[in-house]
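> Return atomic coordinates for the entry below.
(2 chains)
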Amino acid sequence: MYRQTLTQLAADLRARRVSSVELVRAFLARIEASQRDLNAFVTVTAEQALAQAEAADRALAAGRGGALEGVPFGHKDLFCTAGVRTTCGSRMLKQFISPYDATVVSRLKAAGAVMLGKLNMDEFAMGSSNETSYFGPVRNPWNRALVPGGSSGGSAAAVAARLLPAATATDTGGSIRQPAAFCGVTGIKPTYGRVSRYGMIAFASSLDQAGVIAASAEDAARVLREMAGFDPRDSTSVDAPVPDYLAELDQPLAGLKIGVLKEFFDTGLDAAYERCVREALAVFERLGASVREVSLPNIPLSVPVYYVVAPAECSSNLARYDGVRFGHRCAEAHDLEDLYKRSRSEGFGAEVKRRIMTGTYVLSAGYYDAYYLKAQRVRRLIAADFARAFGEVDLLMGPTTPTPAFELGAKVADPITMYLNDIYTIGANLAGLPAMSVPCGFAAGLPAGLQIIGPHFAEARLLNAAHRYQRETDWHLRIPEAYA
Amino acid sequence: MSAWETVIGLEIHAQLATRSKIFSGAPTAYGAAPNSQACLVDLGYPGVLPVLNAEVVRMAVRFGLAIGARIARHSVFARKNYFYPDLPKGYQISQYELPIVAAGAIEIVLEDGTVKRIGVTRAHLEEDAGKSLHEGLGAFTGIDLNRAGTPLIEIVSEPEMRSAKEAVAYMKKVHTLVRYLEICDGNMQEGSFRCDANVSVRPVGTEKFGTRAEIKNINSFRYVEKAIQYEAARQIELIESGGKVVQETRLWDPDKGETRSMRSKEEANDYRYFPDPDLLPLEIDAAYIEAVREALPELPDAKAARFVAAYGLSAYDALVLTASRELADYYEAVVRAVPEQPKLAANWVMGELSAALNKDGLEIGAGRLSAERLAGLLVRIADDTISGKIAKEVFEAMWASGESADAIIEAKGLKQITDTGAIEQAIEAVMAKNPAQLAEFRAGKDKLFGFFVGQVMKATQGKANPAQLNELLKKKLPG
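From the prediction side, this is the model:
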């Protein structure tokens, strides 16, 4: 059962070939069995899931129910879920129970998805290896000595090990695509503003975007269709109709113009990884697409720009965790300053503190112009590079990451090396563009990811290209041996 | 000792009279139980986002148009970052580099009657913080977040006022204006309208500004005057005794009548302003601005000018009568009922009526006396049914009972005696009763004329028409 895609499971549920309760039991058993090895979940909500599955079965029996009725599902642990704790991977919110559901959560609930639990992540989504989680690192199902990527490491590992058919994830600088690449699964980060951020705990507001990690592009399309759309509670969400992503999946690719990002092949790309990506490009050519090289001259500046803008926003976004109203509060504060200092010192981990410090610095009087304003200017140049490229091609492609998954602990001591992991993914966030990672082979036995970037609101085109590719290949159907 | 000039700029915070908050749907009602008017957005819960209340934009544009300012087609909300327990998000959403209203002006009338134009640098939208409560909580501080997220417009003047009196006149004018525009209830006790003052001094005739102190926590017109006077005197004394004014924030203590240092420039927060990424820039188009302009009411200056032209009032009276829209409306309602007597109406509205309202601590319109009833009284003065003096007595009875002037004149028999025969009779009786005084008067003691007026008035219970009485006495007394 667990080998099936979400699309197949949804069809089986609808046809009553399987019940939601059966599915939920089966996936819960897999979650339980893997938790010690993978640590993909922070919270498992077995009882609620079974109750919800029973209700879904009743709805299905009556011929009712939403598009995802009865489908087992999981949420990255930064989506607020009423009554179920939302930790954001932090000691700060270890016991935080949200009084409300995030818009994404309530939409998927309305579509009938059954939540089995909350997925582990880097603390406040800050990290590229899932090692900054207060609840311990997630491990890569392909090799448990390796990291699953981050920050949505729990979502990617859970889907890779088929603990869930799909899960929500978020992407601020690559947090959906990089773990999807490391774990050999499909992930999509939609256009900024396509999916509501209401109820999604903020890291960097101008970059954060919710998306989905699934086994295939078709599954991702099915979930995204339910998540996307305008939300009056998020001023940055865009009031534009959501196309039927499924309807366009099978469009032929003949005539599609693909640009290959020159700069992504210039520096530090693993040779075996590059071969996987080149082979994938050849598949697209066979499908009738044309492939040409495209240059984005300012893209090498995306990492420094990102590490000014994202920390600046995070330093402000995380100011609300002060021990006063919710979250961790230090014991026996003797005055206000002591309450602030100790609550925050104890509640946040090292990487979060590093970014708060960096962000506070770049916004300070005397430094604002040199760092924050300049970074915003370069950000516009990068966005302009992309806009120019999309005047010539329909989609941009390249590797998702420079290397496959690395060993746990290999980069924790060196933040700069860690940050360079996101060198190919950050550009799409800075420009607000939709981007995907699709499994495209194995480099030295580890999954490699093909990244596809499109113009604003071109999710349907991305999913169409990825789906046609997945009809020709079976990389996305491979399951790590230990979980097969 | 050289002469000093005081330089003042004011920052006025006016709470916008919306039903819900600036970035959430929670109500803005005053005086509710602590934390009962704060929703998750106001509490700064994880994951929540602000959504701008369209009504605050309309109100800010109304204000901008009323002071002839530039309305920004593109303005930006920024975060002002600092830690304080009553600031739930750790930042206040405000406008910094690109405010919604810029470069306007407000005219005030000085004591000598000249008009002075005070520049308004900018007016921007922002959210209020909550309140810290210290009473009855022992060693703890309580936080009430009902006020958090209440919409404010901060109105920043140029440093163009030169005395505490000018500052008060400016503040009163802004107060009048926001109430005319119906964008703020102006209630200073509840903190809906409050003010910070930037004060410095310089030798008369010099250009360069002195070092300024910012005085916080001034919430009445009287305190603005006192605080500025105190602060200017403090600075002058300091300089004259060889000291130097330091740039700092000072708190006005109304109980002690003094300002005292809160924090110096060095201790000031670095607010790390940056554009709020949760809110898109605010874009306003010309059609919107025009629609708001069309809906503007007649403003105080225009109304005062019209009162002078249409009713022949003095500039001063027109200014007093247009100080609030309610007062002006009341006055005009009186005039509509006695169109021939606009000046008499002005005297009564500014005199007896205002005094009675003041005495009872009431707002215009809150007393029992409607404009139509007051007009009824004025009609009886105009047609000589009663004298001005009797009218005051009638007014008092009307104020207390709410009855009409005619009913009271009738019931108390206060109708003026205009019958010459009746007055003559009374005069003759008084002359007969006071032969000694009459003899003295006839011997040349003119002062006794007043004595006879008083006696006749007494005999007629004040009802004798004064003009007629004078006339008749002049005829009869000389014999």
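
> use CA for all of it now, contacts and neighbours both
OK.

> which ones are touching the residue in the stretch 51-200 of chain A that chain B sits nearest to?
Residue of the stretch 51-200 of chain A nearest chain B, by C-alpha to the nearest C-alpha: A:Gly199 (3.9 Å). For A:Gly199, the contacting residues are A:Phe79, A:Cys80, A:Tyr100, A:Asp101, A:Ala102, A:Thr103, A:Val104, B:Pro46, B:Gly47, B:Val48, B:Leu49, by C-alpha atoms under 8 Å, 6 or more residues apart in numbering or on different chains.

> try A:Phe390
Contacts of A:Phe390 (C-alpha under 8 Å, 6+ apart): A:Gly454, A:Pro455.

> where's it relative to chain B, distance?
Counting by C-alpha to the nearest C-alpha, to the nearest Å, the gap from A:Phe390 to chain B is 25 Å.

> Now that residue: phi and psi?
Here is the backbone geometry of A:Phe390 (degrees, to the nearest 10): phi -80, psi 0.

> rewinding a little: counting only helices, which of the contacts of A:Gly199 make the cut?
The subset of those located in helices under the criterion DSSP state H comprises A:Thr103, A:Val104.

> pLDDT added to the contacts of A:Gly199, as JSON lines?
Below are the contacts of A:Gly199 laid out as JSON lines (pLDDT from 0 to 100):
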{"residue": "A:Phe79", "pLDDT": "98"}
{"residue": "A:Cys80", "pLDDT": "98"}
{"residue": "A:Tyr100", "pLDDT": "97"}
{"residue": "A:Asp101", "pLDDT": "98"}
{"residue": "A:Ala102", "pLDDT": "98"}
{"residue": "A:Thr103", "pLDDT": "98"}
{"residue": "A:Val104", "pLDDT": "98"}
{"residue": "B:Pro46", "pLDDT": "98"}
{"residue": "B:Gly47", "pLDDT": "98"}
{"residue": "B:Val48", "pLDDT": "98"}
{"residue": "B:Leu49", "pLDDT": "98"}
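
> Filter the contacts of A:Gly199 down to the buried ones.
When these are checked for burial by 16 or more other C-alpha atoms under 10 Å in any protein chain shown, the buried set is A:Phe79, A:Cys80, A:Tyr100, A:Asp101, A:Ala102, A:Thr103, A:Val104, B:Pro46, B:Gly47, B:Val48, B:Leu49.

> List of residues touching stretch B:368-385?
B:330-331, B:333-335, B:337-338, B:341, B:344-345, B:386-388, B:391, B:394-395, B:398-406, B:415-416, B:465.

> Using CSV, write out every CA atom in it.
Presented in CSV, the C-alpha positions along stretch B:368-385 are these (Å, rounded to 0.1, in the frame of the first residue of the first chain):
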residue,chain,number,x,y,z
ARG,B,368,-31.6,70.2,28.1
LEU,B,369,-31.7,73.4,26.1
SER,B,370,-32.2,72.9,22.4
ALA,B,371,-31.2,75.6,19.9
GLU,B,372,-34.9,76.2,19.1
ARG,B,373,-35.7,76.8,22.8
LEU,B,374,-32.8,79.3,23.2
ALA,B,375,-34.0,81.0,20.0
GLY,B,376,-37.5,81.3,21.6
LEU,B,377,-35.9,83.3,24.4
LEU,B,378,-34.0,85.6,22.0
VAL,B,379,-37.2,86.3,20.2
ARG,B,380,-38.7,87.7,23.4
ILE,B,381,-35.7,89.9,24.0
ALA,B,382,-35.9,91.2,20.5
ASP,B,383,-39.6,92.0,20.6
ASP,B,384,-39.2,93.8,24.0
THR,B,385,-41.3,91.3,25.9
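
> Same question for it: list its buried residues.
Buried, per 16+ other C-alpha under 10 Å, within stretch B:368-385: B:369-381, B:385.

> Repeat that for stretch B:9-24.
Result for stretch B:9-24 [16+ other C-alpha under 10 Å]: buried residues B:9-18, B:20-24.

> what does chain B have sitting close to chain A?
B:43-51, B:81, B:83, B:85, B:88-91, B:270-274, B:277-280 (C-alpha under 8 Å from any C-alpha of the partner chain).

> In strands, which of those residues fall?
If you go by DSSP state E, the residues of chain B next to chain A have B:Asn81, B:Tyr91, B:Phe274 in strands.

> out of those residues, who's nearest B:Met59?
B:Tyr91 (23.7 Å; C-alpha to C-alpha).

> so what pLDDT did that closest one get?
Listed pLDDT for B:Tyr91 reads 97.
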